[in-house]
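Enquirer: Fold the following and give me the result.
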Amino acid sequence: MSMFSKTGPIRDTDILYWSRRFLLLSGLWPESHNDFRLSIYLGYLIPFTSLIYISAFKHMHDRDKLLRNMTEFIPTTMAVLRAVMFRRKMYLLVPIIKTVRENASEGYFKTPDERKVVHWYYMISNLFIKISVIMLYCVNVMLYLKPMIEYAFSKHRNASFSYEMPYQISFIHEVTEMRTYILAYVYQSPIPVVFSIGIMAVDSLLVTLVLYVCGQLSVLRIQIKNVSSDSRSHKSEMKSLIEKHEKLIRMAKSVENAFSSFLFVQMFCLTLCICVVAYQLLTMINSGDPTNAFTFTIFALSVVLVTFSYCFLGECLIYESTSLNEAYYDSKWYELPAKLARPIAICMARSQIPVHLTAGKFYVFSLDLFVNVIKASMGYLSVLIKVT
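Expert: Take a look at the predicted model:
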């Protein structure tokens, strides 16, 4: 896949490449969803999550094991819920994806300044998706391989081997022989891929579309500042830019409507997940378990990164939507005839109201929310430490 066209416009395939690839695997690509593939995906993930819940109920009175179960059933529950909730709202995103394609044929930028801002948002989107997927995949691979490594060391030391599972799941019958253990181990082998895709597939499209809107708002700001001062061409140019502004606002609202309910559940789960993973990390550091401590450090960083990304998206959307107010003012609208100045004044008033990305219409994503989420997680962590 080419990263960026040096001379021509960015293709829609460049922007949507990773989102399409991940969502097609789980049958959730809005333009060509595949319910059969989604059923296979959920048909594996839901029973697996249920086994983790069964294990959690069994260890209800064992705090350490219960918290370890929570570090697994919270993310897997998130993966199931996001797939189901996204399936219900994906139709809202089809027109937006088509718009991205239409803009691809016209070109996302026309000047070096426009190219610079589009390139920046594109690179941020790609960087987030790749880093997040790699981190989540590495965490799951390390968790999956840990019992194998312990088995190799136990044979070397001639020590007895406990049939520990890679993940905290509980089968109907206790695993006490090697053949059953191997079958159970193989059953869990798809989890690193399934979990990484399940967590990041929907997020990748959210990040891509929001940063695409931010990039286009930034391009619009540059175009408004550079609009022709010639009265004959000014009217037609400004009319086109105002229509583009309205279109981008509608697009941002459609993205927000498609993801809002999912993000509400996501933020609640992430707040708990940060707390529980941080507690597990502190426990492993204190007990002198460097292997697990390293694994959970990456796990904690990946959870914080996902949380930060949502808040960063919201902050970018707020900044770019409100920055248009200054651009409209710099277009010297006050020197124009009243007939031409009136629509610009209306757009200035509208651009003072930021476009938001919200969680269930309750929380507005911004860097302030990120700070509040971390504070809440650390508050829960301090309570958890005190009661243990």
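Enquirer: Can you tell me the closest non-neighbouring residue to Lys65?
Expert: Leaving out its chain neighbours, the residue that sits closest to Lys65 by C-beta to C-beta, 6 or more residues apart in numbering is His59, at 3.8 Å. Just so you know, the C-beta spots here come from the backbone N, C-alpha and C atoms, and that holds for glycine as well.
Enquirer: Run a quick neighbour tally on the one you found.
Expert: By other C-beta atoms under 10 Å, 17 other residues sit near His59.
Enquirer: Okay, it and Ile52: tell me how far apart.
Expert: Applying C-beta to C-beta, to the nearest Å, the value for His59 to Ile52 is 11 Å.
Enquirer: quick one: common contacting residues for those two?
Expert: Common neighbours of His59 and Ile52 are listed as Asn69 (criterion: C-beta atoms under 8 Å, 6 or more residues apart in numbering).
Enquirer: Report how many residues lie close to Lys375.
Expert: Lys375 is flanked by 11 other residues according to other C-beta under 10 Å.
Enquirer: mind checking the SS state of it?
Expert: Classification of Lys375 by DSSP: H, G, I helix; E, B strand; the rest coil places it in helix.
Enquirer: I figured the residue nearest to Lys65 hits Asn69, correct?
Expert: Yes: using C-beta atoms under 8 Å, His59 is in contact with Asn69, at 6.3 Å.
Enquirer: Show me where the stretch 201-350 of the chain dips below the pLDDT cut-off.
Expert: The model of the stretch 201-350 of the chain has pLDDT under 70 over residues 228-234, 332-337.
Enquirer: circling back: next, the contact list for the residue nearest to Lys65, please.
Expert: Counting by C-beta under 8 Å, 6+ apart, His59 touches Lys65, Leu66, Asn69.
Enquirer: Then His173?
Expert: Residues near His173 by C-beta under 8 Å, 6+ apart: Thr180.
Enquirer: What's the separation between the closest residue to Leu81 other than its chain neighbours and Thr271?
Expert: The shortest distance from Leu81 to any non-neighbouring residue, by C-beta to C-beta, 6+ apart, is to Val265 (5.6 Å). Counting by C-beta to C-beta, the gap from Val265 to Thr271 is 11 Å.
Enquirer: Looking at these two, which one has more neighbours?
Expert: Thr271 (20 against 16).
Enquirer: ok, which stretches of the stretch 1-150 of the chain are helices?
Expert: Applying DSSP state H, counting those that start in this stretch to the stretch 1-150 of the chain gives helices spanning 12-25, 35-58, 63-89, 94-106, 112-156.
Enquirer: which other helices and strands contact the second one?
Expert: In this case it means helix 35-58. helix 63-89, helix 191-225 (3 or more C-beta pairs under 8 Å, 6 or more residues apart in numbering; DSSP states H and E).
Enquirer: leaving aside the residues next to it on the chain, what's closest to Phe195?
Expert: Distances taken as C-beta to C-beta, 6+ apart put Asn140 closest to Phe195, at 5.4 Å, once the chain neighbours are dropped.
Enquirer: didn't that neighbour look like it was pressed against Pro192?
Expert: Yes: shown here, Asn140 and Pro192 form a contact pair, counting by C-beta under 8 Å, at 3.7 Å.
Enquirer: More neighbours: these two, which one.
Expert: Set Asn140 next to Pro192 and count neighbours by other C-beta under 10 Å: Asn140 wins out with 24 against 20.
Enquirer: Now do the contacts for that one.
Expert: Ile191, Pro192, Phe195, Ser196.
Enquirer: Tell me which two in the residues you listed are the farthest apart.
Expert: Greatest spatial distance among the contacts of Asn140 (C-beta to C-beta): Ile191 and Ser196, at 9.0 Å.
Enquirer: so what pLDDT did Leu183 get?
Expert: With respect to pLDDT, Leu183 scores 87.
Enquirer: The helix or strand hosting it - contacts with which helices or strands?
Expert: According to DSSP states H and E, Leu183 maps onto helix 178-187. Here helix 178-187 touches no other helix or strand, going by 3+ C-beta pairs under 8 Å, 6+ apart.
Enquirer: List the buried residues in that helix.
Expert: Across helix 178-187, burial judged by 16 or more other C-beta atoms under 10 Å covers Tyr181, Ala184, Tyr185, Tyr187.
Enquirer: Which of the contacts of His59 are buried? Put it as a ChimeraX command.
Expert: Listed next is the ChimeraX selection for buried residues among the contacts of His59, using 16+ other C-beta under 10 Å:
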select :66,69
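Enquirer: If we only consider the contacts of His59, which is nearest to Ser351?
Expert: Distances from Ser351 to those, taken by C-beta to C-beta, are shortest for Asn69, at 48.2 Å.
Enquirer: Now do the contacts for the closest one.
Expert: Taking C-beta under 8 Å, 6+ apart, one finds Ile52, Tyr53, Ser55, Ala56, His59, Gln168 in contact with Asn69.
Enquirer: Repeat the analysis, applying 10 Å as the threshold.
Expert: By C-beta atoms under 10 Å, 6 or more residues apart in numbering, the residues touching Asn69 are 52-60, 62, 167-170, 276.
Enquirer: With Ser366 instead?
Expert: Contacts of Ser366 by C-beta under 10 Å, 6+ apart are 310-319, 354, 356-357, 372.
Enquirer: ok, now Phe299?
Expert: Phe299 sits next to 71, 75, 135-136, 138-140, 142-143, 273, 277-278, 280-281, 292 when contact means C-beta under 10 Å, 6+ apart.
Enquirer: Which of those residues sits closest to Ile96?
Expert: Using C-beta to C-beta, Leu136 comes nearest to Ile96 of the contacts of Phe299, at 25.8 Å.
Enquirer: Quick check: the gap between the most centrally placed residue in the chain and Ser302.
Expert: Central residue of the chain (C-alpha atoms, centre = their mean): Asp203, 3.0 Å from the mean position. Counting by C-beta to C-beta, the separation of Asp203 from Ser302 is 11 Å.
Enquirer: now do Cys138
Expert: 9 Å.
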